[in-house]
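Participant: need a structure here:
(one chain, ligands or ions: 2)
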Amino acid sequence: MNQTIVIKIGTSSLTDNETGQLSLSTIAALVEVLTRLRAAGHRVVLVSSGAVGVGCRRLGIQERPKKIALKQAIAAVGQGRLMRIYDDLFTSLGQPIAQILLTRPELMERTCYVNAYNTFQALFELGVIAIVNENDTVAIDELKFGDNDTLSALVASLIEADWLFILTDVDRLYSADPRLFPEAAAIARVTPAQLAQLSIDAGSSGSQWGTGGMATKLAAARIATSAGVEMAITRGRQPGNILKIMAGEAIGTRFEAQKRSDNARKRWIAYGLLPMGQIYLDAGAIQAICQGGKSLLAAGITKVEGEFSASESVQLCDQEGRELARGIVNYSSEEIDRVKGQHSERIASLLGYMAAETIIHRDNLVILSASSTTSTNKG
Ligand SMILES: Nc1ncnc2c1ncn2[C@@H]1O[C@H](COP(=O)(O)OP(=O)(O)O)[C@@H](O)[C@H]1O
Ligand SMILES: N[C@@H](CCC(=O)OP(=O)(O)O)C(=O)O
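Facilitator: Ligands and ions are numbered 1, 2, ... in the order given. Next up, the predicted model:
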């Protein structure tokens, strides 16, 4: 059966850690595997990092820059070179490619999100492999995917992928960073229930050129698997592992998918939008929205955090700060703060107007399954 496959490759696999030079053999092997998958009838998307790393190499810069404007300028240099290399290699195998550069605000806008979906579908019909990266040159810090692990999971959710492969410079997930703890235990398979409980030392900085280490890959696993996507982490220098894993071999770390929700708009609310604040709920409200499928009313709200406007996305949390659901609010944070704990009938007298009876209507509310919940408790 033809499948939709997203492959993410990190800078640490595309370049040599010591010299910063491109790992041409890895890239060529990856291009071969992706072309084979495409020729077999699968729909293939590559999420490729490397713009900053390749740009640095081109300009003779020895370290990943910290200054944003410099990083953005370097990415502009590197992205062009990266695409040139991909195009040369794919063209030699007769495989057309496309470049898609995304920013977070675009996916937060429902029309853009749907447009992006349609563009991917049109590219699939044309037999093209899309190569995706964050549009680093224009992305602003507060509204960034930040790392391509998250971007790849969001793309996999957007296009309803069957698989997400994350290719990196380690062979799999370990109980701790194997570079620092050589005795760390290898993890072969993670069920949704285990992912929800998984507490490992995932590192936050990654390798010299990579960003995020395993922490961002685990965050990606939570998004992807709860959107119904099977995910695997495997070594980038052996892209042939993708074919073996699809054939059922136990290579790398495999994260089992949950059942995909049929409601595309709700998936967008859950993963496309960036939550701008938190609303804390009492036990009655949690019961009503999580078990009863009800809308959120002001009466069950105990606390509001963050500043947000009506129509923005927020996280709904229990008293311990565990995120249970996400939704699009009908009122701003300031308005909700004034009506929290009150009966809906009092909204008009408290605010002087009533925009809606509910704080979040059930059509705009998504209950997150156990594995996608994260603690927002800031201690
Ligand atoms: N628990 C862990 N298991 C495996 N690798 C880990 C873990 N914690 C941290 N790491 C580190 O994460 C690095 C991969 O992340 P990163 O450098 O961001 O790669 P990429 O460029 O592929 O995104 C590995 O080199 C490894 O040292
Ligand atoms: N958009 C950036 C990638 C950032 C990133 O996530 O890098 P990596 O950890 O190597 O996947 C770039 O192209 O350099």
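Participant: so what does the helix or strand containing residue 221 touch, helix or strand wise?
Facilitator: Per DSSP states H and E: residue 221 is located in helix 213-226. With contacts taken as 3 or more C-beta pairs under 8 Å, 6 or more residues apart in numbering; DSSP states H and E, helix 213-226 sits against helix 148-158, strand 163-168, strand 173-174, helix 192-197, strand 230-235, strand 253-255. C-beta: built from backbone N, CA, C; applies to glycine.
Participant: how about a markdown table for these, with distance to residue 246, mean pLDDT and mean neighbour count added?
Facilitator: What follows is the helices and strands packed on helix 213-226, written out as a markdown table (distance: least, C-beta to C-beta, whole Å; pLDDT from 0 to 100; neighbours: other C-beta atoms under 10 Å):
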| stretch | distance to residue 246 | mean pLDDT | mean neighbour count |
| --- | --- | --- | --- |
| helix 148-158 | 15 | 95 | 27 |
| strand 163-168 | 7 | 97 | 27 |
| strand 173-174 | 19 | 94 | 24 |
| helix 192-197 | 20 | 88 | 15 |
| strand 230-235 | 9 | 98 | 23 |
| strand 253-255 | 11 | 97 | 24 |
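Participant: turn those into CSV, including distance to ligand 2.
Facilitator: Supplementary listing: the helices and strands packed on helix 213-226 in CSV, determined by distance: least, C-beta to the nearest ligand atom, whole Å:
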stretch, distance to ligand 2
helix 148-158, 4
strand 163-168, 8
strand 173-174, 15
helix 192-197, 20
strand 230-235, 12
strand 253-255, 17
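Participant: dump the ones you listed into a markdown table; add distance to residue 288 as well.
Facilitator: Below are the helices and strands packed on helix 213-226 laid out as a markdown table (distance: least, C-beta to C-beta, whole Å):
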| stretch | distance to residue 288 |
| --- | --- |
| helix 148-158 | 27 |
| strand 163-168 | 34 |
| strand 173-174 | 37 |
| helix 192-197 | 23 |
| strand 230-235 | 33 |
| strand 253-255 | 31 |
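Participant: right, and the helix or strand after the helix ranked longest in the chain?
Facilitator: Longest helix of the chain, by residue count under DSSP state H: helix 68-92. Tracing the chain past helix 68-92, the next element assigned as helix or strand by DSSP H and E is strand 97-102.
Participant: helices or strands next to that following strand in the packing?
Facilitator: By 3+ C-beta pairs under 8 Å, 6+ apart, strand 97-102 packs against helix 68-92, helix 110-125, strand 129-134.
Participant: what pLDDT, on average, does it get?
Facilitator: Strand 97-102 comes out with an average pLDDT of 98.
Participant: any weak-confidence spans in this structure?
Facilitator: For the chain, the stretches flagged by pLDDT under 70 are 201-212, 370-379.
Participant: contacts only, for residue 230.
Facilitator: 162-164, 254-257 (C-beta atoms under 8 Å, 6 or more residues apart in numbering).
Participant: gap between residue 364 and ligand 1?
Facilitator: With distances taken as C-beta to the nearest ligand atom, to the nearest Å, residue 364 is found 33 Å from ligand 1.
Participant: how many other residues sit next to that residue?
Facilitator: When neighbours are counted by other C-beta atoms under 10 Å, residue 364 registers 19.
Participant: residue 358 too?
Facilitator: Neighbour number of residue 358 under other C-beta under 10 Å is 21.
Participant: again with the one 5 residues further on
Facilitator: Applying the criterion other C-beta under 10 Å, we find 13 residues in the vicinity of residue 363.
Participant: now do residue 140
Facilitator: With other C-beta under 10 Å as criterion, residue 140 counts 11.
Participant: before we move on, what about the one 5 residues further on?
Facilitator: When neighbours are defined as other C-beta under 10 Å, residue 145 has 24 of them.
Participant: so who does it touch?
Facilitator: Residue 145 touches 102-104, 134, 139, 151, 154, counting by C-beta under 8 Å, 6+ apart.
Participant: from those residues, pick the one nearest residue 80.
Facilitator: residue 134 (15.1 Å; C-beta to C-beta).
Participant: quick check: beta-bridge partners of that closest one?
Facilitator: residue 102 (DSSP bridges).
Participant: residue 103 is in contact with that one, correct?
Facilitator: Yes. With contact defined as C-beta atoms under 8 Å, residue 134 counts as touching residue 103 (6.8 Å).
Participant: circling back: by contact count, what packs against the longest helix of the chain?
Facilitator: Against helix 68-92 (3+ C-beta pairs under 8 Å, 6+ apart) you get helix 24-39, strand 43-48, helix 51-59, strand 97-102, strand 129-134.
Participant: is there proximity between the last one and ligand 2?
Facilitator: Meaning strand 129-134. Yes. Using C-beta under 6 Å from any ligand atom, strand 129-134 comes into contact with ligand 2 via 133-134.
Participant: which residue packs closest to residue 358, ignoring adjacent ones?
Facilitator: Nearest non-adjacent residue to residue 358, counting by C-beta to C-beta, 6 or more residues apart in numbering: residue 295, 4.0 Å away.
Participant: nope, residue 238 is what I meant
Facilitator: Closest to residue 238 by C-beta to C-beta, 6+ apart is residue 29, at 7.7 Å.
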